[in-house]
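**Q** quick one, fold the following:
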Amino acid sequence: MHNETAPSFVPERIVEISTWSGPRTYEELIDADADAVELDIESLDRYEQAALGVRAVYAAANLPTPPLLIRINTCLAATAREAMQEFERTVGRGSQAHRKHVWFVGTENGLRGLVQDLQVLRLGDGVSCIPAPQLTASAH
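**A** Next up, the predicted model:
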C-alpha cells in the first residue's frame, strides 16, 4: 500500500483475479509469472476468502505468493456530493458495474483515508485504483 516514507512498489506484471467471473485455472495463475495479483472482489468482506484461494494455489506449486492487491474502482471529485453525482451519471447506482466491484466514491482525501484504514487492518498488500471512466469503457 502507499506509504509516504517508503518507495512505492509498482508491479509490471499483474494477474487479475475476479470473484464474480470465476477462478483462473492453476496454469493461468502460476504461468503468468506475476509481480502481483489483483483481486477484483464484490466487497471487502470477500477479500480473505479470495486471498486464501490464491495463496493455496501458490503453496501447491511450492512458490511464494506475490503481493495481493485489492482493486478499488474510484469516482473522485472535489466534494463527495459531486463524486456521487458523477458516479450515478457514469456508472449508475445498482448497475452491474456497481454490484461487481469494490467502489470508493468521494474525494482524494477520503480515498487516502480508506487506503490508510486498509493498511491498519492489514487487508491486502496494496491497492490498485481504477478510475470510473476507465472501468465503464472497458469492463461492465
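
**Q** elements contacting the top strand by length along the chain?
**A** In the chain, with assignment by DSSP state E, the single longest strand is strand 68-76. Packing contacts for strand 68-76, counted by 3 or more Cβ pairs under 8 Å, 6 or more residues apart in numbering; DSSP states H and E, involve strand 36-40, helix 47-60, helix 80-90, strand 103-106, helix 108-121, strand 126-131, helix 132-138. All C-beta atoms are positioned from the backbone trio N, CA, C, and that covers glycine.

**Q** mind listing what's buried in the fifth one?
**A** By neighbour count with 16 or more other Cβ atoms under 10 Å, helix 108-121 contains the buried residues 111, 114-115, 118-119.

**Q** how far out from the middle of the chain is it?
**A** Computed by Cα atoms, centre = their mean, to the nearest Å, the chain-centroid distance of helix 108-121 equals 13 Å.

**Q** now do it, average pLDDT.
**A** Taken as a whole, helix 108-121 has a mean pLDDT of 94.

**Q** over to the first one?
**A** Summarised as a single mean, pLDDT over strand 36-40 is 90.

**Q** direction included, what does that strand pair against?
**A** Partners of strand 36-40 in the sheet, by DSSP bridges, are strand 14-18 (parallel), strand 68-76 (parallel).
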